[in-house]
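Trainee: give me a 3D structure for the following:
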Amino acid sequence: MDSPHTRPRHWSGWLATVALLVAVCLLSLLVGTKAIPVAEVWSALLGSDGSPDHVIVTDYRMPRTLLGLLAGVALGVAGCLMQGLTRNPLADPGLLGINAGAAFAITVAVAFFGVSDITTYVWFGFAGAAIVSLIVYRLGTAGRQGADPIRLTLAGIAVTAVLIGLTRGMILVNAKAFESMREWDSGSLTGRGYDIIGGATPFIVAGVLAAIIAARSLNALALGDDLAHSLGAHVGRTRLLTAVALTLLCGTATAAIGPITFVGLAVPHIARWIVGPDQRWMIAYSLLLAPILVLGSDVLGRILLRPDEVPAGLVTAFLGAPVLIWLARRAKVGAA
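Mentor: Numbering: from 1, shown residues only. I've put the predicted structure just below:
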């Protein structure tokens, strides 16, 4: 998987990606309705003096940047896990209904139970993500043929469409849900504070740790269950650990910023182009590449219709749709 000759190249590329992520984070602090000089941003980070520029940086742009980092990490790692678990290059938590399940459950929590705190409704997100992933897996593996990547994808798309319709319906007919979730539902980083970050961080850290533990065994699972068993991998335990990681990552990211699609689809492919199919390196690169995509989309959304903003979720969808079409055509050509 990882030879001594490729390891230095992987590490150097990873460090270069760290530098790119730092640059995107800086852009996220600099760019907005009001341009703030680098010196002022640095001064605000060292200690806010209460000036308008410092308040913008510390109270608005810093939480937005940190949340983009967290959500990007969660979605990128979840995409790697999903593609590794299903052995399906088109697998994505958004396409397979996991994000939609979390969003539906959170909408129910807000609309019917009056839940407004992330530390409470994140549990609804977990439940929705877990239940929908089981439903999609059951639909995609029904019949004699067993698990099939295309059937799993189609089942996920169908379930996602139904859940999105139900979620939109609840938001439209319930005034409280509409007010609470109209911005959240578009996948936006705005309007979130440090309380959201504090509530989301432990769950995302736990999900990433579970993903790192499962990564080596996922490499074995890519060779098939029988060969994985012969190599000493615990197939059932690996799948359970991966499912727990997916639930933690997708449920928390969706609870924090709303449903954002295509990040988990595109980022693992980029990582695979750079480092090959080793899940350990793919996860290591996705930890950086996905936040770059999320924060980059958020920054782009700030300047496209200035002074108005386009939510990051809409920008990632716009960028991701051509990627999905290209991947589908590439798979079709490869099968011909």
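
Trainee: flag the shaky bits of this structure, pLDDT-wise.
Mentor: The chain contains residues with pLDDT under 70 at 1-5, 118-119, 143-150, 180, 183, 323-324, 327-336.

Trainee: how long is stretch 139-158 end to end?
Mentor: In stretch 139-158, first residue to last residue: 10 Å (Cα to Cα, to the nearest Å).

Trainee: do the same with stretch 86-100
Mentor: From its first residue to its last, stretch 86-100 covers 18 Å (Cα to Cα).

Trainee: and that stretch, how far out from the chain middle?
Mentor: Centroid separation for stretch 86-100 versus its chain: 11 Å, with Cα atoms, centre = their mean, to the nearest Å.

Trainee: what's the answer for stretch 36-55, then?
Mentor: 30 Å.

Trainee: buried set for it?
Mentor: By neighbour count on 16 or more other Cβ atoms under 10 Å, the buried set for stretch 36-55 is 36, 40-41, 43-44, 53-54. Every residue, glycine included, has its C-beta placed from N, CA and C.

Trainee: now residue 84: which helix or strand?
Mentor: Under DSSP states H and E, the secondary-structure element containing residue 84 is helix 62-86.

Trainee: picking that back up, secondary structure and distance to residue 187 added to the buried residues of stretch 36-55, as TSV?
Mentor: Listed next are these as TSV, based on DSSP: H, G, I helix; E, B strand; the rest coil; distance: Cβ to Cβ, whole Å:
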residue	secondary structure	distance to residue 187
36	coil	25
40	helix	29
41	helix	25
43	helix	32
44	helix	27
53	helix	28
54	helix	28
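
Trainee: closest one to residue 186 out of those residues, please.
Mentor: Nearest to residue 186 among these, counting by Cβ to Cβ, is residue 36 at 25.3 Å.

Trainee: who does the longest helix anywhere in the chain touch, helix- and strand-wise?
Mentor: Across the chain, the longest stretch assigned as helix under DSSP state H is helix 194-221. Where contact means 3 or more Cβ pairs under 8 Å, 6 or more residues apart in numbering; DSSP states H and E, helix 194-221 is packed against helix 62-86, helix 118-141, helix 225-230, helix 235-257, helix 279-304.

Trainee: what's the spacing between that helix and its chain's center?
Mentor: Relative to its parent chain, helix 194-221 has a centroid offset of 12 Å by Cα atoms, centre = their mean.

Trainee: before we move on, what about stretch 152-165?
Mentor: Distance, stretch centre to chain centre, for stretch 152-165: 18 Å (Cα atoms, centre = their mean).

Trainee: just stretch 62-70 next, same as before
Mentor: 13 Å.

Trainee: now do that stretch: everything it contacts.
Mentor: 25, 28-29, 45, 189-190, 192-194, 196-197, 200-201, 204, 253, 256-257, 291, 294-295, 298, 312 (Cβ atoms under 8 Å, 6 or more residues apart in numbering).

Trainee: now stretch 303-322
Mentor: Outside stretch 303-322, the residues that touch it by Cβ under 8 Å, 6+ apart are 31, 33, 68, 183, 186-190, 257-263, 265-266, 293-294, 297-298, 300-302.

Trainee: tilt between the longest helix of the chain and helix 118-141?
Mentor: Going by axes from the mean of the first three to the mean of the last three Cα atoms, to 10 degrees, helix 194-221 is angled at 30 degrees with respect to helix 118-141.

Trainee: run the angle between helix 194-221 and helix 279-304 for me.
Mentor: For helix 194-221 against helix 279-304, the angle between stretch directions is 140 degrees (the same axes, to 10 degrees).

Trainee: please tell me how far residue 47 sits from residue 61.
Mentor: Separation of residue 47 from residue 61 (Cβ to Cβ, to the nearest Å) stands at 16 Å.

Trainee: I should have written residue 137 there, sorry.
Mentor: Distance, residue 137 to residue 61, using Cβ to Cβ: 40 Å.

Trainee: cool, and residue 93?
Mentor: 27 Å.

Trainee: neighbour-wise, which of the two wins?
Mentor: Shown here are residue 93 and residue 61; by other Cβ atoms under 10 Å, residue 93 has more neighbours (32 against 21).

Trainee: confirm for me that residue 229 is in contact with residue 235.
Mentor: Yes - counting by Cβ atoms under 8 Å, residue 235 is a contact partner of residue 229 at 6.2 Å.

Trainee: and whichever strand or helix holds residue 19, what's buried?
Mentor: Mapping residue 19 onto the secondary structure by DSSP H and E places it in helix 7-30. Across helix 7-30, burial judged by 16+ other Cβ under 10 Å covers 10, 14, 17, 21, 24-25, 27-30.

Trainee: what of stretch 270-286?
Mentor: Across stretch 270-286, burial judged by 16+ other Cβ under 10 Å covers 270-272, 274-275, 278-286.

Trainee: the residue nearest to residue 28 when sequence neighbours are not counted: neighbour count?
Mentor: Nearest residue to residue 28, sequence neighbours excluded (Cβ to Cβ, 6 or more residues apart in numbering): residue 65, at 4.3 Å. Residue 65 has 22 neighbouring residues, counting by other Cβ under 10 Å.

Trainee: many thanks, we can stop here.
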